[in-house]
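J.: Here you go, sequence then predicted model.
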Amino acid sequence: MLQKLRLNHNQKGFTLIELMIVIAIIGILAAIAIPNFISYRKRGYYSAANADIKNAYTAAQAYFSDYPTGEVTSTVLAAYGFKSSPSMSISISGLGQTDLDMYTVNGAADDRTYHVDSEGSISFQ
């Protein structure tokens, strides 16, 4: 009987309680980290949309410096160096220099739309 007790002390491994504590700690860390990760990702999408609308406006102004009476299209913006971020779409209304309006929407986080007018002021909704 004494030999059986001594053999049990030589066994190595984790108890069920130790494993459950580790799983609980991992669950708590995941509950904290996942919402933060989602908010960081959303802020990244917002920054990309803001940068895209600024770059589109800059490309449009470069085009208007060459063709003051021209009309801006997405092809013109691409020819003047504008390249949108992945999953980003831009729409243009008011094609001329004085009535230019551009909107950008991110397909991944489409809850915010950025707008730039002919004066270059950027807003979002």
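T.: Received the coordinates, thanks. It should be emphasised that the depicted structure is a prediction, and the values quoted were computed from it without experimental measurement.

J.: what ranges do the strands span in this protein?
T.: With strands called from DSSP state E, the chain shows them at 88-93, 101-106, 113-116, 122-124.

J.: Which of those sits closest to residue 40?
T.: Smallest distance to residue 40 across these (Cβ to Cβ): 14.7 Å, for strand 101-106. Using the backbone N, CA and C atoms, a C-beta is placed for each residue, glycine as well.

J.: Name the residues of the closest one that come out as buried.
T.: By 16 or more other Cβ atoms under 10 Å, the buried positions in strand 101-106 come out as 102-106.

J.: do stretch 52-70 as well
T.: In stretch 52-70, counting by 16+ other Cβ under 10 Å, buried: 52-53, 55-60, 63-64.

J.: wait, which of those is closest to residue 20?
T.: Nearest to residue 20 among the buried residues of stretch 52-70, with distances taken as Cβ to Cβ, is residue 52, at 47.8 Å.

J.: so how many other residues sit close to residue 112?
T.: Per other Cβ atoms under 10 Å, the neighbour tally for residue 112 reads 15.

J.: give me the beta-bridge partners of the closest residue to it other than its chain neighbours?
T.: In space, and not counting its chain neighbours, residue 112 is closest to residue 124: 5.3 Å by Cβ to Cβ, 6 or more residues apart in numbering. Going by DSSP bridges, residue 124 is paired in beta bridges with residue 114.
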